[in-house]
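Colleague: Can you look at this prediction? I've put the sequence above it.
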Amino acid sequence: MMASCIYPGTFDPITNGHLDVIIRASKMFEEVVVAIAKSESKKPMFSLEHREKMVKIATKDLKNVKITTFDNLLVDLAKNLQINIIIRGLRAVSDFEYELQLGYANHMLWEDFETIYLMPNLKNSFISSSIVRSICAHNGDVSKLVPKEIIPLLKERDCI
């Protein structure tokens with residue numbers, strides 16, 4: 001088992017696809033740090049605090065998963081935590097091109113920085129936070145797309 005990794009994202013909101021990647025990473029690494037980006041430029045639907053609460057609730061049974069938030073470069077967070085491996089989920093070929101560019105940029109900023117790509121389970125491969133937000137915006141049912149534990153938090157925000 002490898003030491004530690006960071007799984008970064010906006011998690012707006014956390015989905016079953018995210019949770020699938022977190023669970024699988026938790027079996028490969030002694031510690032998984034889920035790093036929630038502030039991402040103001042993306043104009044998140046949920047506040048950073050609300051997203052952090054959702055991720056904590058969804059991962060509460062995973063003893064080797066820790067949660068943090070950040071509003072700086074991922075590489076700077078990784079250096080501060082002394083973790084040089086990040087996990088990224090890939091749903092489709094279209095994700096790969098974007099993720100490859102990010103991986104190269106991060107490696108340029110820190111030569112020891114490594115990216116490991118995990119594909120979600122096939123049943124979760126179409127799920128994205130943006131799809132969940134779109135369904136929420138139209139008062140649709142997202143209960144099959146997100147961890148069941150966060151449904152009450154989504155209802156608080158009139159999402160479900």
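Modeller: Received it, and whenever you're ready, just let me know what you need. Numbers count the residues shown, from 1 in each chain.
Colleague: Please tell me how far the closest residue to residue 107 other than its chain neighbours sits from residue 22.
Modeller: In space, residue 107 comes closest to residue 113 once its chain neighbours are excluded; the distance is 5.2 Å by CB to CB, 6 or more residues apart in numbering. (Glycine included, C-beta is placed from N, CA and C.) According to CB to CB, to the nearest Å, residue 113 stands 20 Å off from residue 22.
Colleague: Between those two, which is the more surrounded one?
Modeller: Neighbour totals were compared for residue 113 and residue 22, and residue 22 leads with 24 against 19 (other CB atoms under 10 Å).
Colleague: if I read this right, the more buried one contacts residue 33, doesn't it?
Modeller: No. Between residue 22 and residue 33 there is no contact under CB atoms under 8 Å: 10.4 Å.
Colleague: who touches both of these two?
Modeller: 7, 65 (CB atoms under 8 Å, 6 or more residues apart in numbering).
Colleague: Look up which helix or strand residue 87 falls in, please.
Modeller: strand 85-89 (DSSP states H and E).
Colleague: List of residues touching that strand?
Modeller: In contact with strand 85-89 (CB under 8 Å, 6+ apart) are residues 2, 4-8, 17-18, 21, 25, 29, 32, 74, 78, 95, 99, 102-103, 106, 113-120.
Colleague: List buried residues within those residues.
Modeller: 4-8, 17-18, 21, 25, 29, 32, 74, 78, 95, 103, 106, 113, 115, 119-120 (16 or more other CB atoms under 10 Å).
Colleague: Cheers, nothing more for now.
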